[in-house]
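Undergrad: can you look at this prediction? I've put the sequence above it.
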Amino acid sequence: MTSRNKLDQWSYLAERGLADTFECSWVETPDYRAVVTKLRVEEETLACDLNQARRWYQPYAEEIVVWVGEQSPGWVTMFTVSGLFPWPAIDSLLRPGGRVYHLSYYADEVSEPVYFDGSEWAEDISADHWDRPRQEGAGLTGSSDLAREMNFYLAALAYRTGGFIDDTWFTTPGLLCRIPDGAWPRA
């Protein structure tokens with residue numbers, strides 16, 4: 001058996017049927033349960049891993065469902081399983097000195113990652129974020145332009161947040177959260 005290229009993260013999503021849309025945030029915070037509390041969804045959760053959560057995957061649905069789990073020590077992942085994640089909820093997670101990254105892909109278009117640097121949102125992420133994935137060829141990994149672009153961004157985020165999308169990413173315990181209507185204004 002050959003080992004899998006760790007930079008080919010997009011294929012993990014595609015193999016599990018999660019590549020029609022992609023919206024994910026990485027939040028610098030020590031506890032994913034604190035994130036769930038700030039999302040105002042304590043009564044609307046189900047303990048599961050992302051493999052189990054993908055049963056609720058419905059691209060472009062009205063209902064917003066997010067899986068929240070630990071990415072690595074000090075980082076939490078919020079993967080949107082259904083609907084479009086409301087930006088006011090993400091803004092509620094921001095804290096002085098803390099970092100947040102957000103990457104999305106909808107309707108055949110990848111939005112470059114945006115970044116909260118501890119004081120403000122920025123679309124221009126500093127060049128040093130891209131050095132390692134560029135050196136390792138992350139942008140050359142994948143069978144399509146979309147796969148190569150997503151693998152490049154996902155590698156940059158993995159190096160910053162300490163976790164790649166791999167089998168462990170899908171088996172990490174977390175909470176599936178249904179964000180109730182009216183909990184957050186629609187962006």
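TA: Yep, it's here.
Undergrad: so what's the residue count around residue 96?
TA: 6 (other Cβ atoms under 10 Å). Heads up, the C-betas are built off the backbone N, CA and C, glycines and all.
Undergrad: do the one 5 residues further on as well
TA: Burial of residue 101 is recorded as 21 neighbouring residues (other Cβ under 10 Å).
Undergrad: wait, it sits on residue 117?
TA: No. Using Cβ atoms under 8 Å, residue 101 is not in contact with residue 117; the gap is 10.1 Å.
Undergrad: for residue 159, see how far away the residue nearest to residue 154 when sequence neighbours are not counted is.
TA: Distances taken as Cβ to Cβ, 6 or more residues apart in numbering place residue 9 nearest to residue 154, at 4.3 Å, with adjacent residues excluded. When distance is defined by Cβ to Cβ, to the nearest Å, residue 9 is 12 Å away from residue 159.
Undergrad: before we move on, back to that, let me see the contact set for the residue nearest to residue 154.
TA: 150, 151, 154, 155, 158, 164, 165, 166 (Cβ atoms under 8 Å, 6 or more residues apart in numbering).
Undergrad: please report phi then psi for residue 171.
TA: When read as degrees, to the nearest 10, the backbone of residue 171 gives phi -110, psi 0.
Undergrad: mind listing residues that contact the helix or strand containing residue 69?
TA: Secondary structure assignment for residue 69, by DSSP states H and E: strand 64-72. For strand 64-72, contacts defined as Cβ under 8 Å, 6+ apart pick out 26, 32, 35-36, 39, 48-50, 53, 56, 58, 76-86, 161-163, 172-179.
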